[in-house]
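K.L.:
need a 3D model of the sequence below.
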Amino acid sequence: MVLLNTTFHVHNSVVQAFISWVQETYIPCATASGHFTDPIVSRILIDSDPEGTSYAVQLRAASYDDASRWHDTEASLLKEKLGKQYGERILHFTTFMEIINS
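P.N.:
Numbers count the residues shown, from 1 in each chain. Below you'll find the predicted structure:
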């Protein structure tokens with residue numbers, strides 16, 4: 001199993017819009033692809049930026065290839081649209097992790 005983790009740093013002025021986007025667009029698109037299960041959205045508790053909050057969005061996939069393919073195509077387009085709308089108010093990076101024990 002692979003965990004696709006995307007961490008987003010969100011300016012406080014757009015937090016509610018971001019959370020709506022994750023719940024209404026990003027996660028439904030990921031799960032509709034058939035590659036992902038068990039989506040989790042978490043707020044990162046330790047934050048050094050008083051003007052923003054960080055969130056981790058995690059999706060489980062059966063294989064790295066499935067996760068990578070979706071990330072490089074559909075997720076890339078979704079995040080590109082997000083970037084055009086919010087610019088540097090929402091930044092992100094993605095990490096692929098192998099699940100050892102669940």
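K.L.:
in which helix or strand does C29 reside?
P.N.:
helix 27-32 (DSSP states H and E).
K.L.:
neighbours around the nearest residue to Y86 once chain neighbours are set aside, how many?
P.N.:
Computed as Cβ to Cβ, 6 or more residues apart in numbering, the closest residue to Y86 that is not its neighbour in sequence is V14, at 5.6 Å. Bear in mind the C-beta positions are built from the backbone N, C-alpha and C, glycine included. Neighbour count of V14, defined by other Cβ atoms under 10 Å: 17.
K.L.:
then the one 5 residues further on?
P.N.:
Counted with other Cβ under 10 Å, residues neighbouring I19 total 15.
K.L.:
what's the separation between it and T73?
P.N.:
Going from I19 to T73 by Cβ to Cβ, to the nearest Å gives 24 Å.
K.L.:
so is G34 in a helix, a strand, or just coil?
P.N.:
Here G34 takes the coil state, with states given by DSSP: H, G, I helix; E, B strand; the rest coil.
K.L.:
please enumerate the strands of the chain.
P.N.:
Counting by DSSP state E, the chain has strands at residues 2-11, 36-43, 52-61, 90-98.
K.L.:
Serialize the ones you listed to TSV and add fields for mean pLDDT.
P.N.:
As requested, the strands of the chain are exported to TSV (pLDDT from 0 to 100):
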stretch	mean pLDDT
strand 2-11	97
strand 36-43	96
strand 52-61	96
strand 90-98	96
